[in-house]
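**Q** just to be clear, the model below is a prediction. Sequence and coordinates:
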Amino acid sequence: MNPAKVRVAVFPVAGLGTRFLPATKAMPKEMLPVVDRPLIQYAVDEAKEAGIEHFVFITGRNKGVIEDHFDRQFELEETLKKRNKTAALNELQADLPVAGQTSFTRQQEPLGLGHAVWCARDLVGNEPFALLLPDMLFKSSPGVLKQMIAAYEKTGKNVIAVEEMATDALSSYGVVGRGDGPDSMFEITRMVEKPAPGDAPSNLIISGRYILQPEIFDLIGRQSKGAGGEIQITDAMQKLMQKQGFTGVKYQGRSFDCGSKVGFLTANIVFALDRKDISRDFLTELQNAAINAKQ
């Protein structure tokens, strides 16, 4: 029996972005650009490639610009037409979801990632869904979610994307225990949130991409606050593991933690160097900057 299709993706975008203040005082961190595309657009593009049909955004105060980004701007489109900027106009139109393909709901209090996911329960309904954290940007082909969908279609289980991390950094992440299977599809035996040094079950961390069964919503709804005084998604997944299997996918590609300044700046450099229209000039400027920095 084939598992139910993953049609819906959830994007938690209600965070305050305090690590990027003052830039994020008035602009959502998810709208920070990597070269010339906002972080949230990369996540939506990844979901589209994987066959997602409906996009659910969990927003908060001052996040209206995200909804505007995925809407038409008639004045801008008319200006581009009059100026014969066809390429720019076509790109804007290609990025737009089809009418009725997006939903927005608000997380009214900053109660954690688990609570943000729970806010999507009525929009997702009783079907599996993908969860993408826009802070995590990936450079991979095929996209990370598409790699995960391939594993899900074979197992029908919950799926988590993982990557290797240095041992001395594991205490900052959720870490999984690895069971049988190849890198592309192995059994997850444990999940530990921010393990103490020496207590991590492996060197594989959770990387901000999930495929979850709808039973997770009921578990989150009955869950008390965990680490940091917030409702944690990892706590709910640990309970779900007692009833359902989890598959790990060690994805092919590279990740950038754009919730950190270094990760965000690195992503801009790597993605810019991959652009044929600007890579040569940008590399020259980088080399000049490096020379000047050494002086």
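**A** Everything's here; your move. Numbering: from 1, shown residues only.
**Q** low-confidence ranges, the stretch 101-250 of the chain, go.
**A** Counting by pLDDT under 70, the ranges of the stretch 101-250 of the chain that qualify are 224-229.
**Q** what about the residue nearest to F20 when sequence neighbours are not counted, neighbour count?
**A** The spatial neighbour of F20 that comes closest, neighbours along the chain excluded (C-beta to C-beta, 6 or more residues apart in numbering), is K29 at 5.4 Å. Every residue, glycine included, has its C-beta placed from N, CA and C. K29 has 24 neighbouring residues, counting by other C-beta atoms under 10 Å.
**Q** got it, and T102?
**A** 18.
**Q** may I ask you to confirm that it is in contact with F57?
**A** Yes: counting by C-beta atoms under 8 Å, T102 touches F57, with 6.9 Å between them.
**Q** mutual contacts of the two, please.
**A** Shared contacts of T102 and F57, defined by C-beta atoms under 8 Å, 6 or more residues apart in numbering, comprise E67.
**Q** re the thing from before, contact partners for the residue nearest to F20?
**A** Contacts of K29 by C-beta under 8 Å, 6+ apart are 15, 17, 20, 39, 135, 259.
**Q** repeat that for 7 Å
**A** Going by C-beta atoms under 7 Å, 6 or more residues apart in numbering, K29 touches 15, 17, 20.
**Q** those, buried ones only, as a PyMOL selection?
**A** Buried residues within the contacts of K29, by 16 or more other C-beta atoms under 10 Å, are selected in PyMOL with:
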select buried, resi 15+17+20
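**Q** just the closest of the contacts of K29 to E285, please.
**A** F20 (23.2 Å; C-beta to C-beta).
**Q** contact partners of the helix ranked longest in the chain?
**A** Of all the segments of type helix in the chain, defined by DSSP state H, the longest one is helix 279-294. Residues from elsewhere that reach helix 279-294 (C-beta under 7 Å, 6+ apart): 272-273.
**Q** buried residues in that helix, which are they?
**A** Neighbour-count burial for helix 279-294, with 16+ other C-beta under 10 Å as criterion, is recorded at F282.
**Q** and the residue nearest to F20, how far from S260?
**A** 11 Å (C-beta to C-beta, to the nearest Å).
**Q** I40 now?
**A** Per C-beta to C-beta, I40 is found 17 Å from S260.
**Q** the two: which is more packed in?
**A** I40 (22 against 13).
**Q** surely that one touches L132?
**A** No: judged on C-beta atoms under 7 Å, I40 makes no contact with L132 at a distance of 9.5 Å.
**Q** quick check: neighbours shared by these two?
**A** With C-beta under 7 Å, 6+ apart, I40 and L132 have common neighbours F11.
**Q** specify the local secondary structure of V10.
**A** Recorded secondary structure, V10: strand (DSSP: H, G, I helix; E, B strand; the rest coil).
**Q** Q93 belongs to a strand?
**A** No: counting by three-state DSSP, Q93 is not found in a strand; it is helix.
**Q** that one: neighbour count?
**A** Using other C-beta under 10 Å, Q93 has 11 neighbouring residues.
**Q** for the nearest residue to it once chain neighbours are set aside, pull up the helix or strand it's in.
**A** Among residues not flanking Q93 along the chain, E77 sits closest, at 7.8 Å (C-beta to C-beta, 6+ apart). Assigned by DSSP states H and E, E77 belongs to helix 74-82.
**Q** which residues touch that helix?
**A** Residues outside helix 74-82 that contact it (C-beta under 7 Å, 6+ apart): 88-89.
**Q** kindly report the same for stretch 168-186.
**A** Residues outside stretch 168-186 that contact it (C-beta under 7 Å, 6+ apart): 151, 154-155, 160, 162, 165, 187-197, 200-206, 234, 247-250.
**Q** sort out for me which of those are in strands.
**A** Using DSSP state E, the subset of these located in strands is 160, 162, 187-193, 204-206, 247-250.
**Q** distance of I211 relative to M31?
**A** 26 Å.
**Q** more neighbours, the two?
**A** Neighbour tally, I211 and M31, criterion other C-beta under 10 Å: the higher count belongs to I211, 25 against 19.
**Q** just checking, that one touches V6?
**A** Yes: in this structure, I211 is within contact of V6 by C-beta under 7 Å, at 5.8 Å.
**Q** now do the shared contacts for these two.
**A** 128, 130, 152.
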